[in-house]
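Engineer: give me the fold of what follows.
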Amino acid sequence: MGCQTCGTSSSGETPTADVRAFPGIRYHLARAGDPSALVAPPYDVIPEPQLDRYRSLSPYNVIRLIRPGSDYEGAAKTFEEWFRDGILEADPPSMYVHEVEFGGRRRRDLIAALRLQPYEDRAVLPHERTHRGPKEDRLALLRATNVSLEPLWFTYEGRGTGVSAILDAVTALSPAVTFDGPEGTKHRLWTVTDPALHAAVHAAMSHLPVLIADGHHRYETTLAHSLEVGGDADAASRFTLALLTDLDDPGLEVLPTHRVLKAGVAVTGGEDMPSLEATLAALPGRVAAGTYRDHRFQLLELEGEMALVELHRQVIDNILGKRSPEDFLLYTRDAAEAVRWVDEGVGTGAFFLPPPDLRQVLKLAQEGKTLPQKSTYFHPKPPSGMVFHRLDPDRRL
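Structural biologist: Below you'll find the model as predicted:
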């Protein structure tokens, strides 16, 4: 099946990753105030008790747009009011470079518009299975606002493309915005308005696939919304707000997500380990998983190339049979929490995993294979509120 949202590109070429400049909408800081008080974490990682804290930071905090409860029309009205009142304003066609500092590390991202394409076009690659349909509340919010309020996160293999050199040149200049973000992070944002740089980035990335790092369900939701809205092949509605990170970026950090099984038989046959710390330390570089049950830690060697895939194939799927993993697994990035859940009887056993190898993830995705749900957790998440993209079917990018 061809690309439902675009057919072929305007040049008639086979669909590839299509990265473009767009007239981003950003806070006008002279009116909106301190940018540190305007941003928030992505909508799906904010605990309910913290919503009021973000609302209290500023009457213009992005939380009012991304977490409006069921008042989707209210979020749309708020966005349009802020734009009319000059709290938000549109840039000329731009790309953006985002830099985040965290824990002594630094990561750089490109923010641009990315053409929405179905997975079978192989330009945008998923790496996780999605067991349920797209979130209805995100689709309702898109329908009401017609705005990409938060970037979807992608990775790409940028070695030899020249994109890194472009980012070097941009970040050698003074940033447009500097602000503090969640979890003690520090951020800088550059606005790139030079059409020559836009063309260079577009050309450099046009031969690459991009891998969804975070937001499989939201990508599918945004693609569905694009089909509803329509517009010609180059309409803004055919593109999503995208944050793209090079796999070679030294600050790209991906954390494992550990599993707790709510029911099932015990796993035996592993190597006994003295502690949780020793178990976790033994995992990197091996095709193995840690296990915990009955106050006992073990290291379970697995056959194959990737621990996460083989844990599910050789162990979890055998335990569950035809039962859905979604109904019998709990997920956490905190290994100590997994142990606690087992000790408290919430689960019958825990499985610990090493951080996934992203090049291996990309290789599997290029082969058309997907990993089990919640296979990766990219950290730290890009804050919401840096830039917005209006999904206008009547405006071309």
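
Engineer: surely H202 forms part of a strand?
Structural biologist: No - if the criterion is DSSP: H, G, I helix; E, B strand; the rest coil, then H202 is helix and not within a strand.

Engineer: that one and Q298, how far apart?
Structural biologist: According to C-beta to C-beta, to the nearest Å, H202 and Q298 sit 51 Å apart. Using the backbone N, CA and C atoms, a C-beta is placed for each residue, glycine as well.

Engineer: likewise for A113?
Structural biologist: 48 Å.

Engineer: the more surrounded of those two?
Structural biologist: Neighbours were tallied for A113 and for Q298 using other C-beta atoms under 10 Å; the higher tally belongs to A113 (24 against 17).

Engineer: quick one: strands adjacent to the helix or strand containing that one?
Structural biologist: A113 is located in strand 105-115, with elements delineated by DSSP states H and E. As defined by DSSP bridges, the strand partners of strand 105-115 come to strand 19-20 (antiparallel), strand 95-102 (antiparallel), strand 239-246 (antiparallel).

Engineer: center of the protein - which residue?
Structural biologist: Centroid-nearest residue in the chain, with C-alpha atoms, centre = their mean: D214, separated by 2.2 Å.

Engineer: list the contacts for that one?
Structural biologist: Contact partners of D214, counting by C-beta atoms under 8 Å, 6 or more residues apart in numbering, are 42, 152-153, 376, 378, 381.

Engineer: 7 Å instead?
Structural biologist: Each residue near D214 by C-beta atoms under 7 Å, 6 or more residues apart in numbering is listed here: 153, 378.

Engineer: and the next helix or strand past the helix or strand that contains V170?
Structural biologist: Mapping V170 onto the secondary structure by DSSP H and E places it in helix 163-171. Toward the C-terminal end, the helix or strand that comes next after helix 163-171 (DSSP H and E) is strand 177-180.

Engineer: what pairs with that following strand, parallel or antiparallel?
Structural biologist: The partner list of strand 177-180 in its sheet, established with DSSP bridges, is strand 186-192 (antiparallel).

Engineer: list of residues touching the partner strand?
Structural biologist: By C-beta under 7 Å, 6+ apart, the residues outside strand 186-192 that reach it are 91, 94-101, 170-171, 173, 175-181, 383, 386.

Engineer: just the buried members of these?
Structural biologist: When the contacts of strand 186-192 are checked for burial by 16 or more other C-beta atoms under 10 Å, the buried set is 91, 94-101, 170-171, 175-177, 179, 181, 383, 386.

Engineer: pull out the buried positions in stretch 324-340.
Structural biologist: By neighbour count with 16+ other C-beta under 10 Å, stretch 324-340 contains the buried residues 325, 328-329, 332, 335, 338-339.

Engineer: which residue in the residues you listed has the weakest pLDDT?
Structural biologist: When those are compared on pLDDT, P325 comes out least confident, at 75.

Engineer: wait, that one sits on V315?
Structural biologist: No - under the criterion of C-beta atoms under 7 Å, P325 is not in contact with V315, lying 11.4 Å apart.

Engineer: following the lowest-mean-pLDDT helix or strand in the chain in sequence, what is the next regular element?
Structural biologist: For the chain, scoring each helix and strand by mean pLDDT, DSSP states H and E identifies helix 325-328 as the least confident one, at a mean of 80. For helix 325-328, the succeeding helix or strand toward the C-terminus, using DSSP H and E, is strand 329-332.

Engineer: packing partners for that following strand?
Structural biologist: If you count contacts as 3 or more C-beta pairs under 7 Å, 6 or more residues apart in numbering; DSSP states H and E, strand 329-332 packs onto strand 258-261.

Engineer: which residues does the nearest residue to H28 once chain neighbours are set aside contact?
Structural biologist: Closest residue to H28 in three dimensions, ignoring its sequence neighbours and counting by C-beta to C-beta, 6 or more residues apart in numbering: E89, at 4.6 Å. If you count contacts by C-beta under 7 Å, 6+ apart, E89 has them with 25-26, 28.
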